[in-house]
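Asks: Got a predicted structure here, sequence first:
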Amino acid sequence: MSEPGPDSLPTSADPRSKRPTKRRAITPHSEQATEIKTLFKDPSKEIRLPTAAKDRTVASLSAPPEIVTNVQGSSAGAGSGEFHVYKASRRREYERLRSMQAEVDKEKNDEEWEKEQEETKKKDDAKTDKNRRRREKKKAARGKQKNGGADMDVDGPAPGMKKNPNVPGVPLGGQTDDAEAQYAEEVPGVIIHEDD
């Protein structure tokens, strides 16, 4: 066994060696670190980001051939290269059919989504209108309570009777009882009874 010392260093790690250092397997972290270092070396350099891949549509695919020439049967005279030609044409056709079906499905889903959005909007509008009417009704009822019920007397006093200015809704004339006459002359107010 040899003793540990300067000679036991790997040749690539020895500073006296002219050999390039060994390249280790690159981890995602070290790869990103080197990319960032190269970006920061020249900050004025324009960075070009790759464009997103466009969705393949039926229009972007090549149309199937109108006339297929040199058609052979499944086994009669078919060479070894014909199999790959057949597989490639079948793959293209299946991709074209798959993209056509995907477009149809997408249109159908879009229509369903729009219909659902429309129904949801109608329901929301109906509920909003209902709540608005309820709020306005409550607001009108609160306004009538604040006015002491003056708004409730829509028809006015009975025929032949004048309205009492002190007590809304109570007519002046036509009372038979003295207590009622006295009540008509009193100013309305709130009576608070304190319980000690």
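Replies: Sure, I can see it.

Asks: remind me, longest helix of the chain?
Replies: helix 82-146 (DSSP state H).

Asks: Which of the three states applies to residue 46?
Replies: Following DSSP: H, G, I helix; E, B strand; the rest coil, we place residue 46 in the coil state.

Asks: That one: neighbouring residues, count only.
Replies: Neighbouring residues of residue 46 were enumerated by other C-beta atoms under 10 Å; the total is 5. Every residue, glycine included, has its C-beta placed from N, CA and C.

Asks: try residue 92
Replies: Around residue 92 sit 14 other residues, with neighbours defined as other C-beta under 10 Å.

Asks: Same question for residue 103.
Replies: 14.

Asks: worst-scoring helix or strand of this protein, pLDDT-wise?
Replies: The element with the least model confidence among the helices and strands of the chain, by mean pLDDT, DSSP states H and E, is helix 178-185, at a mean of 53.

Asks: where in the chain is pLDDT low?
Replies: Regions of the chain meeting the criterion pLDDT under 70 cover residues 1-14, 20-22, 69-79, 148-189, 196.

Asks: For stretch 136-151, output the C-alpha coordinates as CSV.
Replies: Below are the C-alpha coordinates for stretch 136-151, written out as CSV (Å, rounded to 0.1, in the frame of the first residue of the first chain):
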residue,chain,number,x,y,z
GLU,A,136,-86.4,48.3,-1.9
LYS,A,137,-89.4,46.9,-0.2
LYS,A,138,-87.6,46.9,3.2
LYS,A,139,-86.4,50.4,2.6
ALA,A,140,-89.9,51.6,1.7
ALA,A,141,-91.2,49.9,4.9
ARG,A,142,-88.5,51.6,7.0
GLY,A,143,-89.4,55.0,5.5
LYS,A,144,-93.0,54.5,6.4
GLN,A,145,-92.1,53.7,10.0
LYS,A,146,-89.9,56.8,10.3
ASN,A,147,-92.7,59.0,9.0
GLY,A,148,-95.1,57.6,11.6
GLY,A,149,-97.3,55.8,9.2
ALA,A,150,-98.2,58.9,7.3
ASP,A,151,-97.5,57.2,4.0
